[in-house]
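Enquirer: curious how this folds, go ahead:
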Amino acid sequence: MDRRHALAWIAAGPAAATAQNKPKAPVPPPSAASAAALSSLGADIDLTREILATLHPGLLRYISQLQLDASMVSLKRGFASAPDLTQRYLVLSRFLAMLKCGHSYANFFNQKTEVAQALFDKRSRLPFEMRWVGEGMFITSEQERLPSPLTRGTQVGAINGVPVRTMLQALLPYARADGGNDAKRRNLLSLHGLARYEFFDVFHGLVYGEPPGGVFRLDVKTPDGRISVADVAALSTAERHAQLPSVADDAPRWTWRIDEGHGVAVLTMPSWALYNSPWDWQAWLVEKLDALAADDAAKGLVVDLRGNEGGLDCGNLILERFLAADSVQPMRRLVRYQKTPPHLNGVLETWDNSFRDWGAKARRFDDRFFALPAGETAVRAKGPRIAKPLVVLTDAANSSATFVFAQRVKASGAGKLVGEATGGNQRGINGSAFFFVRLPASGIEFDLPLIGSFPPQPMPDAGIEPDVKVDVAAVDIATGIDAQLERALVLAKGG
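Expert: Numbering: from 1, shown residues only. The predicted structure follows:
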C-alpha cells in the first residue's frame, strides 16, 4: 500500500483535497436573456423570504434576526447566480438546514418527477449500508449483500482520495436537525437501506458527483486491522431502489416476538409513517398489548425505536397501558398567522386546506405568535394496565413523534430509555401541519412546518438523554452483537 492511501487514516487537516477546494472560474456578466432568468430566480428567494417570515413558527428559535437577514442575502445571491438546478438545490438546502428546524428541507420525496430525475438519478450510490461512529464510517450491510472484497464491520477511510472525515464535514451543513443536535445530522448521513432516497446518497451525489468510470476506490481497514484498497462499482438510483425490502401494503410494518432467553416481548417499530397505510396497526397493536397484559410468563416489553424518525403518534397506544396516572405535557402550540395571505396560496400545497385559515382557534399570544388550543396535551392511562417493565431503545433518528414519545416515557416514569440520545430538541420542534412550497421559477419544493411546540420554561438545546446510555462500538458492528438490545432485555426482565 502506498503512502497516499496510508495518509487517509490520519485526521484530515484544512488542506485536505476535495473538489470543493478547487478555484472556480470567474462568472461572465449575464446577457439580457440570462439577466431576466436571474431576476426570476431571485423572485423565488423573495417569495421564500416572505413565506418564512409570515408562516414559519420556529424561524428565530435558534438564530437571530440579524443572522437570518445575512443568510437571506447570501441565499438570494447564490441561488440566482447558480449555474444549474443542482447548485440551486444545494444553495437552498444549505440555507434551510441553517434554520436548524428538523422539518424544513427541500424534501426529496416531494419534488416533481422531472426535478427529482435531474437531481437524484445518478450512478453515485455506495454499494453498501453504513453508519458513522464518531467521524468513522463503518460498513453495516449483511455479508451476503456486500460486493467482494468488502466485509461487515470494515472501516472506510477515504472514497476516491477524499478522507471520509472531510466528506462528513462537507455534508453536515446540508443535513436537517433541530437546534445543535449534530448526532441527528450524523444519523441522517448514515445509510440505512430502508428508504428510496437517503441524505448521504443524495448529497454525496450532488456535491461529489458520479465517480470516474462508475467505480469507487475505497481505502479500507478490515475488523482485524488489515489496510487495503478496494474498487467497487457505484450503484444507480434504480439499482439502489431494487435493494429495498418489499412489503405488501396491508402487511404489518412492525414485528413482535418473545425473547425466550429473557422471557421479554420485543416490539420492533422501524417507522410510524403510516398515514395512508391500509394496515390496521391500531388493532394489531392493541391485540399484542392485551396478550402481554394477560401473559403471566412475559416479564416485560422492549420497544425498539432505533432508526424511527416518527410519523403518527403510535406510541400513545403503548404508553397509555403502562401509565399509573395520566401523562400531561405542558406545551404551547403556536402559529405565526390566522389566515394565509391570499397571494401566497398559489405556491402553498397541502393535504388539508383548513391549515390556510385557523379562524377563531388561533388567538393572539404575543406580538409574534397566535396560540392554538390544547396547550396541555395528555395521554390518559387506560386499562387493563400492564404492570411490567417498559424499556424503549432510542437513538438520534427519534426526532418527531418518536422524540415526543421518548420524552413522555422518561417524564412520566412509565419506562426507561436505553441506547443513545434522541434527535429532536427539548426546546421544542415544529411540525403537525405543513405546506409544501413549490418555487415557481426553479420548480424546487421545500417543506414548511406550521405549528411550533414551545415549552413553558427554558430548556437545553439537546435531545433526550437515555436513562441507560449504551453506545454502538465498531467491534459490535463487525461481530453482529447488539449490546443495546441486550442491555434493554436485562432491564425489561427486571435486572
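
Enquirer: any idea how far residue 466 is from residue 493?
Expert: 18 Å (Cβ to Cβ, to the nearest Å). Yep, even glycine has a C-beta here, placed from its N, CA and C like the rest.

Enquirer: same thing with residue 183?
Expert: In terms of Cβ to Cβ, residue 183 sits 12 Å off from residue 466.

Enquirer: kindly report the same for residue 297.
Expert: Distance, residue 297 to residue 466, using Cβ to Cβ: 28 Å.

Enquirer: centroid-nearest residue for the protein?
Expert: Nearest to the geometric centre of the chain sits residue 188, at 4.9 Å (Cα atoms, centre = their mean).

Enquirer: residue contacts, that residue?
Expert: When contacts are counted by Cβ atoms under 8 Å, 6 or more residues apart in numbering, residue 188 touches 175-177, 198-200, 397.

Enquirer: name the nearest of those relative to residue 384.
Expert: residue 397 (31.6 Å; Cβ to Cβ).

Enquirer: the contacts of residue 188 in strands, which ones?
Expert: Using DSSP state E, no member of those falls in strands.

Enquirer: and the residues you listed, which is closest to residue 156?
Expert: The nearest member of the contacts of residue 188 to residue 156, counting by Cβ to Cβ, is residue 200 at 11.9 Å.

Enquirer: confidence score at the nearest residue to the closest one once chain neighbours are set aside?
Expert: Excluding the flanking residues, the one nearest residue 200 by Cβ to Cβ, 6 or more residues apart in numbering is residue 189, at 4.8 Å. pLDDT for residue 189: 98.

Enquirer: now swap in residue 258 and tell me
Expert: 96.

Enquirer: distance check, it against residue 321.
Expert: Taking Cβ to Cβ, one finds residue 258 at 17 Å from residue 321.

Enquirer: when those two are compared, which one has more neighbours?
Expert: Taking other Cβ atoms under 10 Å, residue 258 and residue 321 do not tie; residue 321 has more neighbours (24 against 15).

Enquirer: show the contacting residues for residue 91.
Expert: Applying Cβ under 8 Å, 6+ apart, we find residue 91 in contact with 75, 78-79, 82.

Enquirer: same check on residue 189?
Expert: Residue 189 neighbours (Cβ under 8 Å, 6+ apart): 132, 168, 171-172, 175, 199-200, 203.

Enquirer: is it true that residue 262 touches residue 297?
Expert: No: when contacts are counted by Cβ atoms under 8 Å, residue 262 is not listed as touching residue 297 (11.5 Å).

Enquirer: which one's more surrounded, these two?
Expert: Neighbour tally, residue 262 and residue 297, criterion other Cβ under 10 Å: the higher count belongs to residue 262, 20 against 6.

Enquirer: and that one, that one's in a helix?
Expert: No: Residue 262: not assigned to a helix; according to DSSP: H, G, I helix; E, B strand; the rest coil it is coil.

Enquirer: can you count the residues close to the nearest residue to residue 380 once chain neighbours are set aside?
Expert: Once flanking residues are discounted, residue 380 sits nearest to residue 326: 5.1 Å by Cβ to Cβ, 6+ apart. Neighbour count of residue 326, defined by other Cβ under 10 Å: 12.

Enquirer: what's the answer for residue 149, then?
Expert: Residue 149: 13 neighbours (other Cβ under 10 Å).

Enquirer: could you number the chain from 87 rather than 1 from now on?
Expert: Yes, from this point I'll number from 87; that puts the last item at residue 235.

Enquirer: over to the nearest residue to it once chain neighbours are set aside. Which of the three states is it?
Expert: In space, and not counting its chain neighbours, residue 235 is closest to residue 316: 5.6 Å by Cβ to Cβ, 6+ apart. Here residue 316 is recorded as strand under three-state DSSP.

Enquirer: same deal with residue 520?
Expert: Looking at residue 520 with three-state DSSP, the answer is strand.

Enquirer: got the contact list for it?
Expert: Applying Cβ under 8 Å, 6+ apart, the residues near residue 520 are 189, 436, 441, 533-536.

Enquirer: swap in residue 530?
Expert: Residue 530 touches 130, 171, 174-175, 178, 192, 197, 201, 524, counting by Cβ under 8 Å, 6+ apart.

Enquirer: one more time with 10 Å
Expert: Residue 530 makes contact with 130, 134, 165, 171, 174-175, 178-179, 192-193, 196-198, 201, 205, 523-524, according to Cβ atoms under 10 Å, 6 or more residues apart in numbering.

Enquirer: tally of neighbours for residue 567?
Expert: Count around residue 567 with other Cβ under 10 Å applied: 13.

Enquirer: now residue 381
Expert: 14.

Enquirer: for it, give me its contacts.
Expert: 344, 349, 351, 472, 474.

Enquirer: roughly how far does it sit from residue 375?
Expert: According to Cβ to Cβ, residue 381 and residue 375 sit 11 Å apart.

Enquirer: ok, back up a step: among the contacts of residue 381, which lie within strands?
Expert: Among the contacts of residue 381, the members falling in strands (DSSP E) are 344, 351.

Enquirer: need the contacts of residue 381 in a markdown table (columns: distance to residue 557).
Expert: Listed next are the contacts of residue 381 as a markdown table, based on distance: Cβ to Cβ, whole Å:
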| residue | distance to residue 557 |
| --- | --- |
| 344 | 27 |
| 349 | 27 |
| 351 | 25 |
| 472 | 29 |
| 474 | 27 |
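
Enquirer: tell me the one of the contacts of residue 381 nearest residue 238?
Expert: residue 344 (27.2 Å).

Enquirer: I'd say that closest one and residue 378 touch.
Expert: Yes: counting by Cβ atoms under 10 Å, residue 344 does reach residue 378; the two are 9.4 Å apart.

Enquirer: can you list residues touching both of those two?
Expert: Joint contacts of residue 344 and residue 378 (Cβ under 10 Å, 6+ apart) are 351, 384.

Enquirer: thinking again about what came up before, of residue 269 and residue 552, which one has the most company?
Expert: In terms of neighbours (other Cβ under 10 Å), residue 552 is the more surrounded of residue 269 and residue 552; the figures are 22 against 19.
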